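# Need coordinates for the below:
(2 chains)
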Amino acid sequence: MFPTPIEKRSRGAQISYQALLPVALLMWLLPLVAVALFSIRPLADFTNGNYWGVPSSFEFFTNYGKVFFESDMPRYMLNSFLITVPTVVGAVALSTMTGFALGIYRFRGNLLIFFMFIAGNFVPFQILMVPVRDLTVSAGLYDTKMGLVLFHIAFQTGFCTLFMRNFIRALPFELIEAARVEGIAEWRIFWFVVLPLMKPALAALAVLIFTFIWNDYFWAIVLTQGPDAQPVTAGITSFNSQFVAQYHLMSAGSIVAAIPPVAMFFLMQRHFIAGLTLGAVK
Amino acid sequence: MSTTTPEPGWLQRNRMTITPLLFLLPGVLFFLVYVISPIIQSFNISLYEWDGLGEATFVGLRNYEELASDRAFEISLWNNLKWLALYLLAIPAGLFIALFLNQNVVGIRLYKSLFFFPFVISQVVVGLVFSWFYLPREGLLNAVITTFGFDPLNILGDPTLATYGIIAAGLWPQTAYCMILYLTGLNAVDPEQIEAGRLDGAKGVRMLWHVILPQLKPATFIAFVVTIIGALRSFDLISIMTNGGPFGSTRVLSFYMFEKALSEYGFRMGYGSAIAVVLFLIMLVFIAYFLWSMYREERAARR
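So this is what the prediction gives:
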């Protein structure tokens, strides 16, 4: 292990390391701590200039209650779910298929198609903006969740294909050959041999895409407007203009908006990190 | 000449070509419609003057000529370079934190997750959090530096500082990302090589440089890829924190393009596309390099 494990060092080093950890963490998360502290203060503290002293009262329930019951926030959250979940399902389904085709079969153009997916996944979104917006408008899908979902599925298929194909490549190829010798149809090999082996990849990809899509802001403002279809990342700006300069409510609002991907991360941590670091180890 | 044995059906004979084609079809179709063809269309639109609704007028390369003398475009381009250069700091910073956290003490897993935390939050929230952190009166940053006797700063209101303030906000999640890449990489470092290094008397920085870093190469490569892409894609933070201001000093190409094509400053789709094409061409240099590296690996791993 590098660096030298701390338990092999002197007692003093061990104690200072243990003491340093929480301090470093606090400094690292300082901006976030500040927001969390803001979100439980009453409005009076801000008008009196009491930003960092002891809160004059504890208003956790009032502030978060306002976010949930006196704003469009629940609506935006629902929209985010209705956009994110279908995208995850669609992108994972499509890319499992493309990954299977590119990982198992040898045919001309295999590498070319694979590289098309990778390259497309790297492009700056802005070059897609005008044509994709135009396409969405002319399909009558502007300002609908469906319009966003379709685009997200298509774009995420690039990254997902890279992921799935590399995962399938690492599976034991003998299994597939054995199945072929048995005369099993190709689609049954996909469904009964390969798919069960891909569960960890499916889980990892699902959490990852969930976070990516939930956090998307650019496409949300390009393809939607207003609370009917906007996800929470875009909606939070209207939320903030509703409660302008009321930092306690804006802080509470942004914490609420951040919770679902954070919860997803802590619940599925192992899968999340496995997905994110695929390729970081050879 | 006719064969005597009954031939297997055409489908059966070609199943090894047909199957992958069918499996690829939906994904490739989606990707062509929503990603590949828009790239080509953008190149085309950049040769027109178009408001997105009426007739488009062909203007040839005039949009690009206009770019050459556009002061705002020049500022955006410079800011993109600043982003690119400073964003790369996330890689050594991430490595540093990973080395700090690569221990086996009680609760270290929770510490690692909490350090990674900023990456999971959306950039919109990161932007909001940092713009409040920087607030001249209410912000925690000024509360801290004034207690140490410094003058308060208005980072996002100062054209010379604002871009750096936004980049700092961007480095926060990016460093967390690089950290997790390196933590995973450090886990896989070969303990025997470390032992061998120790026997040779390598310690500390020398050990890191000669023994550890070469083994972390895959992690470093991915860290470079995601950091460069992240730097060139930066949009959310700028839109949330300063909306391009003050006086347009924090614009980058992606933001300026959006402003030109889709905001109250006018609907100039052609001009916007021309900016996007420039951004794409910058990115293309990197994409080509990444693809080339991956291609070499594929060649080596061919079975």
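# drop to CA atoms for contacts and neighbour counts, all remaining ones
OK.
# Contacts for the helix or strand where residue B:113 lies, please.
Per DSSP states H and E, residue B:113 falls inside helix B:108-120. Outside helix B:108-120, the residues that touch it by C-alpha atoms under 8 Å, 6 or more residues apart in numbering or on different chains are A:21, A:25, A:28-29, A:211, A:261-262, A:265-266, B:101, B:126, B:172-174, B:176-177, B:179-180.
# Quick one: mean pLDDT over that helix.
When pLDDT is averaged along helix B:108-120, the result is 91.
# Give me the next element, helix or strand, following it.
helix B:123-133.
# Now do that following helix and helix B:108-120, the angle between them.
90 degrees (axes from the mean of the first three to the mean of the last three C-alpha atoms, to 10 degrees).
# Alpha carbons only: can I get the very next helix or strand once past helix B:123-133 in PDB?
Using DSSP H and E, the next helix or strand after helix B:123-133 towards the C-terminus is helix B:140-147. Provided in PDB are the C-alpha atoms of helix B:140-147 (Å, rounded to 0.1, in the frame of the first residue of the first chain):
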ATOM      1  CA  LEU B 140     -18.900  32.700   4.300                       C
ATOM      2  CA  LEU B 141     -15.700  33.400   2.400                       C
ATOM      3  CA  ASN B 142     -15.600  37.000   3.300                       C
ATOM      4  CA  ALA B 143     -16.700  36.200   6.900                       C
ATOM      5  CA  VAL B 144     -13.500  34.100   7.100                       C
ATOM      6  CA  ILE B 145     -11.100  36.400   5.400                       C
ATOM      7  CA  THR B 146     -12.200  39.500   7.300                       C
ATOM      8  CA  THR B 147     -11.600  37.800  10.600                       C
END
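# Give me every residue in the stretch 101-250 of chain A lying close to chain B.
With the criterion set to C-alpha under 8 Å from any C-alpha of the partner chain, the stretch 101-250 of chain A comes near chain B through A:101-102, A:105, A:107, A:115, A:117-120, A:122-128, A:130-132, A:134, A:151, A:153-155, A:157-158, A:186-187, A:211, A:214-218, A:222, A:233.
# In helices, which of the residues you listed appear?
Using DSSP state H to define helices, the subset of these located there is A:101-102, A:115, A:117-120, A:122, A:126-128, A:130-132, A:134, A:151, A:153-155, A:157-158, A:186-187, A:211, A:214, A:218, A:222, A:233.
# ok, and for the helix holding residue B:113, which residues are buried?
By 16 or more other C-alpha atoms under 10 Å in any protein chain shown, the buried positions in helix B:108-120 come out as B:111-120.
# swap in stretch A:184-196?
For stretch A:184-196, burial by neighbour count (16+ other C-alpha under 10 Å) applies to A:186, A:189-190, A:194-195.
# helix, strand or coil for the spatially closest residue to residue A:55 that is not a sequence neighbour?
Spatially, and ignoring its direct neighbours in sequence, residue A:55 is nearest to residue A:41 (5.8 Å; C-alpha to C-alpha, 6 or more residues apart in numbering or on different chains). Under DSSP: H, G, I helix; E, B strand; the rest coil, residue A:41 falls in the coil class.
# Any stretches of the stretch 151-282 of chain A with poor pLDDT?
For the stretch 151-282 of chain A, applying pLDDT under 70 flags the ranges A:279-282.
# Which residue ranges of it form helices?
A:173-181, A:186-188, A:195-197, A:199-214, A:218-223, A:232-242, A:247-267, A:269-276 (DSSP state H, counting those that start in this stretch).
# Could I get the contacting residues of residue B:257?
Here residue B:257 is in contact with A:126, B:271-273, B:275-276 (C-alpha under 8 Å, 6+ apart).
# Need the residues that contact stretch A:93-103.
Outside of stretch A:93-103, the residues within contact range by C-alpha under 8 Å, 6+ apart are A:110-111, A:114, A:157-158, A:160-166, A:168-169, A:190, B:19-21, B:23-24, B:26-28.
# change it to 6 Å
A:157, A:160-161, A:164-165, A:168-169, B:20, B:23-24, B:27 (C-alpha atoms under 6 Å, 6 or more residues apart in numbering or on different chains).
# And stretch B:139-147, by the same measure?
If you take C-alpha under 6 Å, 6+ apart as the criterion, stretch B:139-147 is touched by B:132-134, B:152.
# near chain A, which residues of chain B show up?
Residues of chain B that fall close to chain A, judged by C-alpha under 6 Å from any C-alpha of the partner chain: B:20, B:23-24, B:27, B:30-31, B:38-39, B:103, B:120-122, B:125, B:133, B:181, B:185, B:218-219, B:233, B:276.
# Okay, and which of those map to strands?
When DSSP state E is applied, the residues of chain B next to chain A are split such that none fall in strands.
# re the thing from before, ok, so of the contacts of stretch B:139-147, who is nearest chain A?
Checking the contacts of stretch B:139-147 against chain A with C-alpha to the nearest C-alpha, the nearest one is residue B:133 at 5.8 Å.
# Quick one: residues contacting that closest one.
Per C-alpha under 6 Å, 6+ apart, neighbours of residue B:133: A:31, B:139-141.
# Return the member of those residues nearest to residue A:252.
residue A:31 (14.0 Å; C-alpha to C-alpha).
# tally of neighbours for residue B:53?
9 (other C-alpha atoms under 10 Å in any protein chain shown).
# what about it, which helix or strand?
Under DSSP H and E, no helix or strand contains residue B:53.
# Kindly state the pLDDT recorded for it?
The predicted local confidence for residue B:53 is 80.
# And it, how close does it get to residue B:268?
To residue B:268, residue B:53 is 11 Å away according to C-alpha to C-alpha, to the nearest Å.
# Equivalent analysis for residue A:28, please.
The span separating residue A:28 from residue B:268 equals 42 Å under the rule C-alpha to C-alpha.
# Which of the two has more residues huddled nearby?
The neighbour count for residue A:28 versus residue B:268, taken as other C-alpha under 10 Å, is higher for residue B:268 (21 against 17).
# mind listing what the residue nearest to the spatial centre of chain A touches?
Residue closest to the average C-alpha location in chain A (C-alpha atoms, centre = their mean): residue A:211, at 1.1 Å. By C-alpha under 6 Å, 6+ apart, the contact set of residue A:211 is residue A:261.
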